[in-house]
Each structure stands twice: as C-alpha cells, then as structure tokens.
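Trainee: Fold the following and give me the result.
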Amino acid sequence: ASNRNESNTDLIYDSLVSLEKLMRKRNSLDNGLTSQETYKQLDGSWRLVFTTGTATTQKKLGGKRINYFPIKAIQSFNITNNDISNGIYLGDYPVLKFYGKHQWLDKPRKLEFDFDVIQVFGFKINLPKGGAASIGSTTGLGSDENIKLINKNRKPFFNWISASDDYATARGGGGGLALWKRTYEV
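Mentor: Below is the predicted model of the structure:
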C-alpha cells in the first residue's frame, strides 16, 4: 500500500478501519501495553502516503475514500523531549515546516500537539496560540476541527491506531484516516 501503483484504495480504507477496531480492542485488554508500544514506535520520521482527508472532506467527495498523497510530507516525533515537526518538502528542501511539542495520552493512544513555530523557505517565525491551526485550516493542510479545538482550550490530535518498524496509522481530530511509511531521509 505504500506505493501508488499497487493501491486499491477501497481495500486500504477497509483495512485501516478493520485494523482500528482490532487495535482498539487489543488496547482495552492489555493494560496499556499496546499504547506504550505504539508510542515508542512513533519515535522518528514518517512520510504521509495515504489520507482520507477529514470526515467533512469525505462527505463532500461521496463517502469513504482514501487518496495517495503525492507531495513529500514528513512528520517527525522525538519521544524523549516531546518534540514534533511537520513539513512539506520539494525534493529534500523543506518549503513549509511546523515545530512544536506533543503530549501522549496512554489510554486512548492520543497524541495531542501544538505548533508554535513555522519555517517558510528556511525563515522561522514564532506563532501565537492557535496560529498553526488557523494556517492549516486556511490552506487546506489542516482540519477546520483544529480551530474548534483551540477555541475550547484543547489541542489538535491524532488517535494512533498502530505503529511498527515500517508503517504507522492514525485517525485525526477531523475524523480522517492516514497511513505513513517510516523514512530516514529528512
């Protein structure tokens, strides 16, 4: 599924939903072991491969749909110091990159985050609270739901379904599903 040419998008979507149900059940039975394993595996960098977009986007497009993500988008996590970054690249050059902190919540396998710095073509700019959510909503790179969360003093989040040596899957706060492939080229 990590290669566009091999993809049956309905099969990928159905597989992600089935995996989500399985992992939710597993997590409820093992006293948080699955959650802790998932979080440890997230350490490193991940290239976005497929996404459904938000639940709102899915409805606009006619239901369940997963799409190959053609732009190089890499999310990185450092679980030692709770750093998170999310970047859009042209080749190996980060055109747009967000930096911030994250917090892991064990029971729901939820990673909450907030970006407080944006880098555009190499220039870093500090962001006000909710600034990244506003940019994401305006440009389509993020969910409108993130604005609503910020207005309620909550943070954007991903509910992580799974993470292994090679792949990670999650459902975003806007209801969309995503599949990432581990990368070492950041």
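Trainee: Distance from the chain centre to the helix or strand where residue 23 lies, please.
Mentor: Following DSSP states H and E, one finds residue 23 within helix 9-29. Chain-centre distance of helix 9-29: 16 Å, with CA atoms, centre = their mean, to the nearest Å.
Trainee: List the buried residues for the helix or strand following it?
Mentor: Where DSSP H and E defines the elements, the next helix or strand beyond helix 9-29 is helix 33-42. The neighbour-count check on helix 33-42 (16 or more other CB atoms under 10 Å) flags 34-35, 37-39, 41-42 as buried. Where you see a C-beta, it was placed from the backbone N, CA and C, and this is true even at glycine.
Trainee: relative to helix 9-29, how tilted is helix 33-42?
Mentor: 120 degrees (axes from the mean of the first three to the mean of the last three CA atoms, to 10 degrees).
Trainee: what helices or strands is helix 33-42 leaning on?
Mentor: Judged by 3 or more CB pairs under 8 Å, 6 or more residues apart in numbering; DSSP states H and E, the packing partners of helix 33-42 are helix 9-29, strand 157-163.
Trainee: report the angle between the axes of the strand ranked longest in the chain and strand 157-163?
Mentor: As assigned by DSSP state E, the longest strand anywhere in the chain is strand 93-105. When the same axes, to 10 degrees is applied, the directions of strand 93-105 and strand 157-163 differ by 90 degrees.
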